[in-house]
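*Asks:* Let's see this in three dimensions:
(one chain, ligands or ions: 1)
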Amino acid sequence: MKLKALKGFKDILPDEAALWQDVERVARQIFHRFGYREIRVPILENTGLFARSIGETTDIVEKEMYSFADRNGASLTMRPEGTASVLRAFIEHNLHAERPVQKLYTLGPMFRHERPQKGRLRQFHQMSVEALGADQPEIDAEIIAMASMVIGELGLDVSLEINSLGCPKCRPDFNQALVDFLAQSQDSLCPDCERRRYKNPLRVLDCKNKNCQEHYVNAPSILDHLCPECVAHFQVVELCLNALDIKYKVNSFMVRGLDYYTRTTFELLTNALGAQGAVGAGGRYDGLVRRLGGPALPGIGFAMGMERLTLLLAEQPKKLSKPVDVFIATLGSVAQEKGFLMAHSMRQQGLAVVMDYAGRSLKSQMKQADRHNSRFVLIIGDDELAKGQAVLRDMESHEQVDIALSENLAAWSATLAEKILN
Ligand code: HAM
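*Replies:* Predicted coordinates for the structure are as follows:
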């Protein structure tokens, strides 16, 4: 039997992994610019954590979690998202005592038993950030600006939609309006909506059923039911986004697939991935820290899907960062020995260097350099060596220059590294 990865689980092969590293590097740099620090949390948690945070009537908790009883009979779940775990850690380690606003980010795999398709996997990866302890609308705009900056620096074209889902004060009023609306449409609802319309009416707006979606076009808008405090909060979010010149559309039907959201929610959307439009999404979740047993602190965050970001990047003619700085091509046994020592010395100076010891032809070594996507090739032949010279070829401009070699390898490598890395 041929061994294969599970359906919806994917290997990330080296070429693709280089793209992942680019995305992670850009995101980490930007998160740091905004004062976020990394936190790493476990993949397995008690099932109750997700039921309590994401919500019992969400698709994720009802249908998609990888849950199982461990050897002691405890119900465990492979995390379907990162927010619940980060909040659990935040509460468990009293991180709120350390500073008034904790800005945290985490990267890693998530698991949802969904129907796999392009950009939708069962094991997927998120880069997610959470800001805990601040309820000011400026932090909402700041976090949206940070997400937009990641998208911008990756050179991607994505649109932004925002909404406000209100707070426990105004939500009941909207829920009632929704229940009244749904009462007129009893016969046309799908079984999920039928079940959820009393338990959790907001959830119906997230239904993927075509009939239901068409029907909900006429549903009441949450923005007409916000309390004055939520209206004012949302207005400042919009003011700040305008001040930062961040383009967005207000979409009052965006309810998100998780129950913990209050006030500002947002999604970064693309048309390039078929049905999987969201490359990132998030929002405010005031009250969630408290519900999970922590202090009454507000929070807001978002997550971006790595698979979707890298799919978009792979489709555009953006240059990959070159993983190899120098490929050393040698001709002759003396040159190969010298190359061996030079490669080590150049690596000690911070250059990424590859060479081959099989004594292949120059043509074959140049092909390898191409495959490695190397920026430069250093060609060393026994004849050139005798003259104390080598040739440095720029693989992008195809320019070739003679460079003098030196007995002082460390100093020579340092000069070359300075030239190449700066
Ligand atoms: P989410 O909308 O469920 O939010 O997921 C965020 C992002 O993860 C999506 O926009 C998408 O890019 C990616 N994603 C989700 N499911 C899949 C999948 N099956 N395959 C590939 N990519 C996927 C959350 O998870 C929240 N925890 C975000 C958040 C953080 N809100 C506040 N803080």
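
*Asks:* The ligand contacts on the protein?
*Replies:* 81-83, 112, 114, 119-121, 124, 126, 128, 130, 257-258, 278-283, 301-305, 307-308 (CB under 6 Å from any ligand atom). Glycine gets a C-beta too; all of them are placed from N, C-alpha and C.

*Asks:* For the residue in the stretch 101-250 of the chain that the ligand sits nearest to, the count of nearby residues, please.
*Replies:* Going by CB to the nearest ligand atom, the ligand is nearest to F124 of the stretch 101-250 of the chain, at 3.3 Å. A total of 21 residues lie near F124 under the criterion other CB atoms under 10 Å.

*Asks:* Give me the pLDDT value at the residue nearest to it when sequence neighbours are not counted.
*Replies:* Nearest residue to F124, sequence neighbours excluded (CB to CB, 6 or more residues apart in numbering): E307, at 5.3 Å. Listed pLDDT for E307 reads 97.

*Asks:* Apart from its neighbours in sequence, what residue is nearest G350?
*Replies:* Distances taken as CB to CB, 6+ apart place A417 nearest to G350, at 5.5 Å, with adjacent residues excluded.

*Asks:* what sits against the one you found?
*Replies:* Residues in contact with A417 (CB atoms under 8 Å, 6 or more residues apart in numbering) are M346, Q349, G350, L351.

*Asks:* Let me know the pLDDT of E214.
*Replies:* 86.

*Asks:* Just say helix, strand or coil for F266.
*Replies:* strand (DSSP: H, G, I helix; E, B strand; the rest coil).

*Asks:* who's the closest residue to it other than its chain neighbours bridged to?
*Replies:* Distances taken as CB to CB, 6+ apart place I162 nearest to F266, at 4.5 Å, with adjacent residues excluded. On the basis of DSSP bridges, I162 is bridged to V250, F266.

*Asks:* Could you pull up the residues touching I162?
*Replies:* Under the criterion of CB under 8 Å, 6+ apart, the neighbours of I162 are I144, V237, E238, L241, Y248, K249, V250, N251, M254, T264, T265, F266.

*Asks:* Would you list the phi and psi of L392?
*Replies:* Backbone torsions for L392, taken as degrees, to the nearest 10, come to phi -110, psi 120.

*Asks:* Return the strand or helix carrying Q336 as PDB; C-alpha atoms alone will do.
*Replies:* Using DSSP states H and E, Q336 sits in helix 333-348. Provided in PDB are the C-alpha atoms of helix 333-348 (Å, rounded to 0.1, in the frame of the first residue of the first chain):
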ATOM      1  CA  SER A 333      40.800  18.800  -7.300                       C
ATOM      2  CA  VAL A 334      42.900  21.700  -5.800                       C
ATOM      3  CA  ALA A 335      40.000  24.100  -6.500                       C
ATOM      4  CA  GLN A 336      37.600  21.700  -4.800                       C
ATOM      5  CA  GLU A 337      39.800  21.500  -1.600                       C
ATOM      6  CA  LYS A 338      40.100  25.300  -1.600                       C
ATOM      7  CA  GLY A 339      36.300  25.700  -2.100                       C
ATOM      8  CA  PHE A 340      35.600  23.400   0.800                       C
ATOM      9  CA  LEU A 341      37.600  25.700   3.100                       C
ATOM     10  CA  MET A 342      36.200  28.800   1.600                       C
ATOM     11  CA  ALA A 343      32.600  27.600   2.000                       C
ATOM     12  CA  HIS A 344      33.100  27.100   5.700                       C
ATOM     13  CA  SER A 345      34.800  30.400   6.200                       C
ATOM     14  CA  MET A 346      32.000  32.200   4.200                       C
ATOM     15  CA  ARG A 347      29.300  30.500   6.300                       C
ATOM     16  CA  GLN A 348      31.100  31.700   9.400                       C
END
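
*Asks:* which neighbours does the following helix or strand past it have in its sheet, and in what orientation?
*Replies:* The helix or strand immediately downstream of helix 333-348 is strand 353-355, counting by DSSP H and E. Strand 353-355 has the following sheet partners, assigned by DSSP bridges: strand 326-331 (parallel).

*Asks:* Residues touching the strand it pairs with, excluding its own?
*Replies:* 336, 338-339, 342-343, 346, 351-355, 362, 365-366, 368-369, 372, 374-382, 416, 420.

*Asks:* Number of residues surrounding D286?
*Replies:* D286 is flanked by 18 other residues according to other CB under 10 Å.
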